Each structure stands twice: as C-alpha cells, then as structure tokens.
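>>> mind looking at a prediction? Sequence and model below.
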Amino acid sequence: MGVTRIKHPSHGQHYLLLKLPHEPYWCNGCMGLGFGPCYECEHEACGFYLHEECANAAPSTSHPFSKCSLKFHYNAPQGDARYCDACGEDVSGFVYQCSHKHPHDYHPRCLKLPRTLTAGDGLILQLRKELPSKCLRCGRRETSNRIQGWCYVSSPDRYCYHIACVKEMILEKWRKGYFTPDGNVNEANNLALQTFNPSREIALPGGRSSSKATQIWRKAATVIMVIISALFGEPSALISVLVQYWLSS
Ligand SMILES: [Zn+2]
Ligand SMILES: [Zn+2]
Ligand SMILES: [Zn+2]
Ligand SMILES: [Zn+2]
Ligand SMILES: [Zn+2]
C-alpha cells in the first residue's frame, strides 16, 4: 500500500507521512493532544506531528452551529488569551476565527467532530451546541472559563457531557504524569492508579439503587470512552486499557 506523503507550509523543510503513531502525540499545529492517525515528519528526530484535520485544514469553512464565516489562521490574528468556543481549551496555534469584533475561535479538529456517535448497545450521542441538561461531570451548563462549550448528549437526555470536561479528564491525567512522555503508563504512578476512585470521577444521572447504579455507571464509562475517541482519535490498545481502568474499578 502506498504511503501518503505531503509537504506542509508549517514544516516546509521536510515531508510529512500519514501514520498511526504508537504513542500519543502533541500536534504542532493546534498544540492539542492526539491518539489517532496523524502526519509525522519523515525525520523522526524532528518530532513534528500534525492532526489530519490540522494538516488538511481548508482556508475557510463554516459550521452548522455557527453563523460566522470562519477563516483558517496559523495563529489567531486577534490575539490575547483565546479559547475554543467548542471545547473550551486554549487556542495557541492553528485556529479558525471569524472577523467579528469579539471573534469566535475553533480548533480545526473541533469543527470536524462527528455530529453523532454510537456507543455500544445502540446508544446514540448527539453533538449539541447547547446543553439540554447539566453536564454530569461538572454539574454546570457553562465551562469553567464561562464559554458555553459544546456537548455530547444521549437521547432521552440522560448522559450529557461537555466536550471540555471529557477533554480535561484526559489532560489532567497527562499533567499528573500518568503517561510518560513517550506515552507509556508511568510505573511510578501505579500506586496512584490502584488507589484511584472512579466514583469521584463520574457523577451518575439520577439517584439509583447500587446495582442499578453500577449498570448506569458502566454505561456512562462507555459513553465517555466514545467521546474520548472522537476528541483525540482512536486510542491505541494500551491507552484504551488505561482509560478503561480510570473509568472502571
Ligand atoms: Zn492539531
Ligand atoms: Zn522535520
Ligand atoms: Zn463570529
Ligand atoms: Zn476546540
Ligand atoms: Zn462539564
């Protein structure tokens, strides 16, 4: 099978190859984390990666959730501290921005999030601009930086999570050193993993008896896992096991 090989202006000196990396990577375009297929510099020593969506970002785009006409920029022209209106994370690289006085910003990857996701046993999650109910992770409708932020919600509106909150679950683990820089599980944190209390991580919808609660909780974990795959790309087997471990007891 042929290898997809491109040149990209952000790293014009070398070719980039489309690869499925064994490890999580940080995209040198949007500066976000990724697990799935990406473009990697053919010279591994560069350690240069781009999300597929960042490498193939069109010069302009639109999104059904936004009335703005969005233009691609390597760096946001209207500077200062900017947040993605979809996921609430910082914008510090590739971005789509509108030309309004108080512009909207979106990561290229966030604009490509699937409108629907299917979790096991036929549960359908829909991407929504506004939360129909409180986020089960943070208990609020806005994200911590007061951006409304998009969410995935199952119908009938039982499982509702900000994409910001699911993203933050993973990034928080990263910052706490659950991964080594090469993406492996950090041995020094095994104890932390063993004492990890999942019931603190995921709030359950409604008050339920404990066996029922376990069932609902398992479903919540499945839902979160599907959202994680949409946000970061399909995780490798190792990361997948690790995340399942965080989510389950
Ligand atoms: Zn990116
Ligand atoms: Zn290179
Ligand atoms: Zn706008
Ligand atoms: Zn975003
Ligand atoms: Zn939330």
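Perfect, thanks for sending it. Ligands and ions are numbered 1, 2, ... in the order given.

>>> tell me how many other residues crowd residue 9.
6 (other Cβ atoms under 10 Å). Heads up, the C-betas are built off the backbone N, CA and C, glycines and all.

>>> try residue 172
11.

>>> next: the one 4 residues further on.
Residues near residue 176, counting by other Cβ under 10 Å, number 11.

>>> return the distance of it relative to residue 233.
Computed as Cβ to Cβ, to the nearest Å, the residue 176 to residue 233 distance reads 21 Å.

>>> next: residue 130.
Separation of residue 130 from residue 233 (Cβ to Cβ): 26 Å.

>>> who has more neighbours, those two?
residue 233 (23 against 11).

>>> can you name the residues that contact the more buried one?
34-38, 51 (Cβ atoms under 8 Å, 6 or more residues apart in numbering).

>>> rerun that using 7 Å as the cut-off
By Cβ atoms under 7 Å, 6 or more residues apart in numbering, the residues touching residue 233 are 34-37.

>>> do the same with residue 73
Here residue 73 is in contact with 95, 97 (Cβ under 7 Å, 6+ apart).

>>> any idea what it is bridged to?
Assessed by DSSP bridges, residue 73 has beta-bridge partners residue 95.

>>> how near is it to residue 34?
Taken as Cβ to Cβ, the span from residue 73 to residue 34 is 20 Å.

>>> least confident secondary structure element in this structure?
Lowest by mean pLDDT, DSSP states H and E among the helices and strands of the chain is helix 190-194, with a mean of 43.

>>> now do the same for residue 23: helix, strand or coil?
Following DSSP: H, G, I helix; E, B strand; the rest coil, we place residue 23 in the coil state.

>>> just give me the neighbour total for it.
So residue 23, with other Cβ under 10 Å, has 14 neighbours.

>>> quick one: it from residue 36, how far?
12 Å.

>>> pLDDT weak spots in this structure?
Scanning the chain for pLDDT under 70 picks out 1, 79, 178-210, 236-239, 242, 245-249.

>>> mind listing the strands for this protein?
5-6, 16-19, 25-26, 33-34, 38-41, 49-51, 60-63, 66-73, 95-97, 105-106, 116-119, 123-128, 151-154, 160-162 (DSSP state E).

>>> may I see the buried residues of the longest helix along the chain?
The residue-count maximum for a helix in the chain (DSSP state H) belongs to helix 210-232. Across helix 210-232, burial judged by 16 or more other Cβ atoms under 10 Å covers 216-217, 219-232.
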